[in-house]
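Trainee: build the 3D model from these lines:
(2 chains)
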Amino acid sequence: MKFRLFKNIIKQGFVGMWRNRMMSLASIGSVMSVLIILGIILVIVLNINNLTGMAKEQFDEIQVYLEDGINEEQIENIGEKLRELDGVLAVIYQSKEQALEIFKKEWGDKAYLFEGLEKNPLPNSYIIQLKDIKYTEDVVNRINGLTGIEDIRYYKDIVEKMMAISNFVRAGGLAVISILILVSIFIISNTVKLTVAARRREISIMKYIGATNGYIRGPFILEGIFLGAIGSILAILIVSFGYKYLFLVVNERLYVLFTVYMIPYYEILDDIIIMFTAIGIGIGVLGSIISLRKFLRV
Amino acid sequence: MIDFINVSKVYGNGVKALSNINIHIDKGEFVFIVGSSGAGKSTLIKLLLKEEDPTDGKIYLNDMDITKVKNRRIPYIRRNIGVVFQDFRLLKNKTVYENVAFAMEIIGSSSKEIRRQVPMMLSMVGLSNKAHSYPDQLSGGEQQRVSIARALVNRPTVLIADEPTGNLDPDTAWEIMRLLKEINRRGTTVLMATHARDIVNAMRRRVIALEKGRVVRDELKGVYDYEV
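Mentor: Numbering: from 1, shown residues only, chains lettered A, B, ... in the order given. Next up is the predicted model:
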């Protein structure tokens, strides 16, 4: 008996969706757009966080590039001075030959590109490990005072900037998403309301005959769920294929240029599926409930 | 069977629809509820159907106190009561057969039960040959008979008829009354709210007269007015 009732409810849910095809399309479209935008924001935030994390591993390091013209003794001298600075934990020398080796390794099978070089373009450098990031500015200022220094590279600024961007995208995204979710709920509730209006007479008769509220509400809630679920499935497909494509196109170049990776698409797929389905269906259920609240007394 | 004990109903806007009503109806009775518009007939029916809650007093149906039941239980109470309205309230996009079957579907009857029960009901109201017609293709009397079949198909113990002859010409009205009488003879308690003086007077059944929310008369084999 339960199953039979359930079958009726499901059938009515589909009928309701089909009866207002245009509004159903609009509802599905709105859920889909919300989730795609959410997906884009999510991808940006996750990747920035990922990059920040990777940069943080090099966070407490300062790389000091030395001028090409200076001799062994001067290099040694600079090393000594660096070791004496406050907040410095360790100083490691990296010769230009070592730097080239590391560089080649990072380029993998494209390392042959460097074979033709007459002269190693990479500078000698010192890598300074700090006791704590808070010493960054002090140490950098002192190093600036030394002679024979070509350039100083450190990550504190970059990390902070990326975190600021990430926070901004997250906050802005949250606001945009919240508004769009409300809009979607509104559109779905209107769609379901049309079905409710079309079946008003039937509903009043059903109540007198003794249909349970669940039986009456079921088809409408289901209609909302269908709309939300279809929207979220479409969004999942679009976002995951879109990101996969972006990953394949961009990732290698990104690594070559900045030695960082994007998050692989297969790692975020699960999260996207779970999150999108939950939000899509949630929007659908809320939309239906709002449109039902008014008339379902008695 | 049905008991109203000291029942009063005051609506939210302050209108006193019923005051201190005491009615006892036995199983198998045929009862007319008469009174002018606004006398409280509709409110009485609404209380029985749990569309409204009484402000005061207690209501029993089948020896069960239905005064205070959870909303969730209301549908199950209504399944004991068949309702027929003045305006029939049939679904226009369903055939006669489907309209009656619909009442069984929504309470989860099996299609086997439906196939057995619906033709039985249609034959009882004399519409077997119109099973596949749509309500628009039927006369008023026929539509009302469909709605009676629908009200009874789930075998309720009580049939409430709210002015069932109000939209019908006198001859058709009498057909409906003969049908209700027959239903009552088979054991269903019938409660009929009506304005139809000649029907009430001719039937000679119990009459409960309401006036301004009070029971002013309750007679076995009664008539519509004292004057008659």
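Trainee: and chain A, which of its residues are near chain B?
Mentor: A:1-2, A:4-5, A:8, A:201-202, A:204-213, A:215, A:298 (Cβ under 8 Å from any Cβ of the partner chain). Using the backbone N, CA and C atoms, a C-beta is placed for each residue, glycine as well.
Trainee: filter these down to the buried ones, PyMOL style.
Mentor: To isolate the buried members of the residues of chain A next to chain B in PyMOL, using 16 or more other Cβ atoms under 10 Å in any protein chain shown:
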select buried, chain A and resi 5+8+202+205+206+207+208+209+210+211+212+213+215
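Trainee: and after the helix or strand containing A:Gly224, which helix or strand comes next?
Mentor: Under the criterion of DSSP states H and E, A:Gly224 resides in helix A:213-258. Following helix A:213-258 in sequence order, the next helix or strand is helix A:265-293 (DSSP H and E).
Trainee: now do the contacts for residue 195.
Mentor: I'll assume chain A. A:Gly16, A:Met17, A:Arg19, A:Asn20, A:Pro219, A:Phe220, A:Glu223 (Cβ atoms under 8 Å, 6 or more residues apart in numbering or on different chains).
Trainee: not quite, I wanted chain B
Mentor: B:Val34, B:Glu163, B:Gly166.
Trainee: drop anything exposed from the residues you listed.
Mentor: B:Val34, B:Glu163.
Trainee: same list, the contacts of B:His195, but as CSV with secondary structure please.
Mentor: Listed next are these as CSV, based on DSSP: H, G, I helix; E, B strand; the rest coil:
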residue, secondary structure
B:Val34, strand
B:Glu163, coil
B:Gly166, coil
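Trainee: which single one of the contacts of B:His195 is nearest to chain A?
Mentor: Comparing those against chain A with Cβ to the nearest Cβ places B:Glu163 closest, at 15.2 Å.
Trainee: pretty sure the closest one sits against B:Gln86.
Mentor: Yes - counting by Cβ atoms under 8 Å, B:Glu163 does reach B:Gln86; the two are 4.2 Å apart.
Trainee: ok so, going back, ranking the contacts of A:Thr195 by neighbours, who comes first?
Mentor: A:Glu223 (30 neighbours; other Cβ atoms under 10 Å in any protein chain shown).
Trainee: any idea which element B:Ala173 lies in?
Mentor: helix B:170-185.
Trainee: which residue packs closest to the most centrally placed residue in chain A, ignoring adjacent ones?
Mentor: Closest residue to the average C-alpha location of chain A: A:Val43 at 2.4 Å, with Cα atoms, centre = their mean. Closest residue to A:Val43 apart from its sequence neighbours, by Cβ to Cβ, 6 or more residues apart in numbering or on different chains: A:Tyr243 at 5.7 Å.
Trainee: ok and the residue in chain A nearest chain B?
Mentor: Closest point on chain A to chain B, by Cβ to the nearest Cβ, is A:Gly210, at 3.7 Å.
Trainee: got the contact list for that residue?
Mentor: With Cβ under 8 Å, 6+ apart, A:Gly210 has these contacts: B:Pro75, B:Tyr76, B:Ile77, B:Arg78, B:Arg79, B:Ile106, B:Ile107, B:Asn154.
Trainee: what's the burial count for A:Asp109?
Mentor: Neighbours around A:Asp109, by other Cβ under 10 Å: 5.
Trainee: pretty sure it sits in a helix.
Mentor: Yes - under three-state DSSP, A:Asp109 sits within a helix.
Trainee: okay, strands next: where are they in the stretch 51-200 of chain A?
Mentor: Here the stretch 51-200 of chain A has its strands, by DSSP state E, counting those that start in this stretch, at A:61-66, A:88-94, A:125-130, A:149-154.
Trainee: winner for burial among these?
Mentor: Each of the strands of the stretch 51-200 of chain A was assessed for mean neighbour count using mean count of other Cβ atoms under 10 Å in any protein chain shown. The highest is strand A:61-66, with a mean of 21.
Trainee: show residues contacting that one.
Mentor: A:75, A:78, A:82, A:123-130, A:136, A:139-140, A:143, A:148-155.
Trainee: how is the chain carved up into domains?
Mentor: All of this refers to chain A. Chain A breaks down by automatic domain parsing into domains covering A:2-56+A:159-293, A:60-154.
Trainee: other chain: chain B
Mentor: According to automatic domain parsing, the ranges for chain B are B:1-80+B:156-228, B:96-155.
Trainee: now those as a markdown table including mean pLDDT?
Mentor: Output for the domains of chain B, formatted as a markdown table (pLDDT from 0 to 100):
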| stretch | mean pLDDT |
| --- | --- |
| domain B:1-80+B:156-228 | 91 |
| domain B:96-155 | 94 |
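Trainee: out of the ones you listed, nearest to A:Ala235?
Mentor: domain B:96-155 (35.5 Å; Cβ to Cβ).
Trainee: what does chain B put close to chain A?
Mentor: B:49-51, B:71-72, B:74-79, B:83, B:89, B:91, B:102-103, B:105-111, B:150, B:154.
Trainee: phi first, then psi, for the residue most central in space within chain B.
Mentor: Ranked by distance to the mean C-alpha position of chain B (Cα atoms, centre = their mean), the top residue is B:Ile160 at 1.2 Å. The phi and psi values for B:Ile160, taken as degrees, to the nearest 10, are phi -100, psi 130.
Trainee: and it, what are its bridge partners?
Mentor: Following DSSP bridges, B:Ile160 is listed with bridge partners B:Val83, B:Leu191.
Trainee: so who does it touch?
Mentor: B:Ile160 neighbours (Cβ under 8 Å, 6+ apart): B:Ile45, B:Leu48, B:Leu49, B:Ile81, B:Gly82, B:Val83, B:Val84, B:Leu191, B:Met192, B:Ala193.
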